[in-house]
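test case, fold it:
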Amino acid sequence: MTTLETARLRLRPMTEADAPFLLEVLNEPAFIRNIGDRGVRTVEEARPYMKERITSQYERYGFGMLLVELTETGEPVGICGLIKRDALDDIDLGFSFLERFWSRGFASEAASAVLASAGAAHELSRVVAIVAPHNHASVRLLERLGFHFEKMVRLTGDEELKLFAIELEKTGLTSGQDADKFHDMTTNLLQQICDRHEVADTLYRYAFGLDHGDADSLASAFTGDCVLDFSPAGHKIGLDFPRLVGRQAILDALLPFLGPLDTTHTASNLQIEVSGDTATLYAYVMSQHFMPREGSRRGAENALLMNRYDCDLVRDGQKWRFNRMTIDNAWMQGDPEILNLRATHRALTARRRQAKDTDTSAKED
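Below you'll find the predicted structure:
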């Protein structure tokens, strides 16, 4: 058994020391829902399960399910590999990842490495995969990898499963040279997927920072010389908001401006284009604002805005950051005066005065 490596992952044979992690995988809600309940509830039960179902295939066939871990830290994230099932004529691709590591491209990256190995190292011309009909995420993954649906099959029990197949000869994965080309191609594709995810995450860090008054999260979304221009939206809704230049200027303006309010931001319709170390992002962001501590009060005045974001980003190490953000308004409901800093200041001052008067009255009584 050999170890496979990709840009971010290491796929290695499992050992008895990995039994606790295997136990966690087998008892993930998604595993039970999409693959099945194996009835393994303790580490002591996981060890014989591993020996019977996984490591025995290493000795018999020279392949099997591999543990997938992050190259940088060694943290295990899932399992992926080739399986020989008695009920299938072909070798089967299997994979399962912990839910907290979903949406990062790890499954695609690991499965691509396994397919490259299947053709180059094991001289397989064809690999299949079986998926529960309701497991749409795995279906989409297989289709991205080049699998096509063939038929419905029933292995055990009454549930029919979808059987997908990929002809490795047609993809060139039966030779080591072409497998390397395929791996390079999929690595580039996975890099694009990761970049798009990280670009979107920049917008989410920005929204989280605004909604929670978190200066660190908000600061992480901007370059030091970022330019934020709210004037297109401001002109439409009657707010005079200056053009801001530089990360610190943005933080000094936004946190006092929105921080006291009960506010939420929700992003949708993200369009992302990545070119090397630069990217553009277009999105709609709906924001709702209430006066301080009024958000939960029925009938409280509020301002509801749907804004268009037009942004440029640059890569900064492992993160992406905005270096230009222009905000325009699509529509608005409610009272935009709530967004007026002076109005917020008056409300907070009035509340403090009321609290002080109440305390003074209590002492006099």
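
going forward, measure contacts and count neighbours with C-alpha atoms only.
Will do.

next, the distance between the ends of stretch 129-144.
Stretch 129-144 has an end-to-end distance of 13 Å (CA to CA, to the nearest Å).

pull the residues that contact it.
34-35, 92-94, 107-108, 148, 160-165 (CA atoms under 8 Å, 6 or more residues apart in numbering).

tell me which of those fall in helices.
Among the contacts of stretch 129-144, the ones falling in helices (DSSP state H) are 34, 107-108.

what's the ChimeraX syntax to select whichever of these are buried?
To isolate the buried members of those in ChimeraX, using 16 or more other CA atoms under 10 Å:
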select :34,107,108
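
nearest to residue 17, of the ones in helices among the contacts of stretch 129-144?
Checking the ones in helices among the contacts of stretch 129-144 against residue 17 by CA to CA gives residue 107 as the nearest, at 22.6 Å.

any idea how far the closest one lies from residue 313?
Per CA to CA, residue 107 is found 27 Å from residue 313.

list the beta-bridge partners for residue 229.
residue 326 (DSSP bridges).

before we move on, what about residue 290?
Residue 290 forms beta bridges with residue 262, residue 302, as assigned by DSSP bridges.

ok so, going back, any chance of the contacts of stretch 129-144 in CSV, with distance to residue 129 and pLDDT too?
As requested, the contacts of stretch 129-144 are arranged in CSV below (distance: CA to CA, whole Å; pLDDT from 0 to 100):
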residue, distance to residue 129, pLDDT
34, 13, 91
35, 12, 92
92, 5, 94
93, 5, 96
94, 7, 96
107, 14, 92
108, 14, 89
148, 10, 93
160, 13, 90
161, 10, 94
162, 8, 95
163, 6, 96
164, 5, 96
165, 6, 94
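
pull out the buried members of the residues you listed.
The buried subset of the contacts of stretch 129-144 - by 16+ other CA under 10 Å - is 34, 92-94, 107-108, 148, 160-165.

that older thread, I'd like the ones in helices among the contacts of stretch 129-144 as CSV, with distance to residue 23 appended.
Output for the ones in helices among the contacts of stretch 129-144, formatted as CSV (distance: CA to CA, whole Å):
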residue, distance to residue 23
34, 16
107, 19
108, 23
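
please enumerate the helices of this protein.
Counting by DSSP H, the helices of the chain are 19-26, 29-34, 43-50, 56-61, 106-120, 136-145, 168-171, 176-212, 215-219, 231-237, 247-258, 341-364.

by mean pLDDT, show me the worst of the ones you listed.
If you rank the helices of the chain by mean pLDDT, helix 341-364 sits at the bottom with a mean of 56.

picking up where we left off before, next step: the contacts of stretch 129-144 restricted to strands.
When these are checked against strands (DSSP state E), the matches are 92-94, 148, 161-165.

quick check, nearest of those to residue 67?
Checking the ones in strands among the contacts of stretch 129-144 one by one against residue 67 (CA to CA), the nearest turns out to be residue 94, at 11.6 Å.

any idea what that closest one is bridged to?
Under the criterion used (DSSP bridges), residue 94 bridges to residue 81.

now do the contacts for the residue most central in space within the chain.
In the chain, the centroid-proximal residue (CA atoms, centre = their mean) is residue 103; its distance is 3.9 Å. By CA under 8 Å, 6+ apart, the residues touching residue 103 are residue 197.

ok, now how distant is it from residue 110?
13 Å.

do the same with residue 275
25 Å.

what does stretch 14-32 contact?
37-38, 40-43, 46-47, 50, 54-55, 65-67, 76, 78, 96-99.

buried residues, that stretch. List them.
Judged by neighbour count using 16+ other CA under 10 Å, the buried positions of stretch 14-32 are 14, 18-19, 21-27, 30-31.

before we move on, what about stretch 73-80?
76-80.

next one: stretch 104-113
Buried, per 16+ other CA under 10 Å, within stretch 104-113: 105-113.

ok, back up a step: deepest-packed of the helices of the chain, please.
helix 106-120 (a mean of 24; mean count of other CA atoms under 10 Å).

tell me, how many residues neighbour residue 273?
Residue 273: 15 surrounding residues under other CA atoms under 10 Å.

quick check: it touching residue 280?
Yes - with contact defined as CA atoms under 8 Å, residue 273 counts as touching residue 280 (5.3 Å).

about what we covered before: pick out the most distant pair among the buried ones among the contacts of stretch 129-144.
Every pair of the buried ones among the contacts of stretch 129-144 checked by CA to CA; the farthest is 108 and 160, at 24.6 Å.

now a PyMOL select for only the buried ones of the contacts of stretch 14-32.
To isolate the buried ones among the contacts of stretch 14-32 in PyMOL, judged by 16+ other CA under 10 Å, type:
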select buried, resi 40+43+46+47+50+54+55+65+66+67+76+78+96+97+98
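
next one: phi and psi at the residue nearest to the centre of the chain?
Torsion angles at residue 103 (phi, psi; degrees, to the nearest 10) stand at phi 60, psi 30.

on the pLDDT front, check it for me.
At residue 103, pLDDT is 80.

measure it to residue 29 for me?
17 Å.

same question, residue 66
21 Å.

same check, this time on residue 162
Counting by CA to CA - residue 162 and residue 29 are separated by 21 Å.

same thing with residue 285?
From residue 285 over to residue 29 the distance is 32 Å, taken as CA to CA.

check residue 4 too.
28 Å.

wait, residue 112 touches residue 145, no?
Yes - with contact defined as CA under 8 Å, residue 112 counts as touching residue 145 (7.1 Å).

list residues touching both of the two?
Counting by CA under 8 Å, 6+ apart, residue 112 and residue 145 have no shared contacts at all.

fine, thanks again, bye for now.
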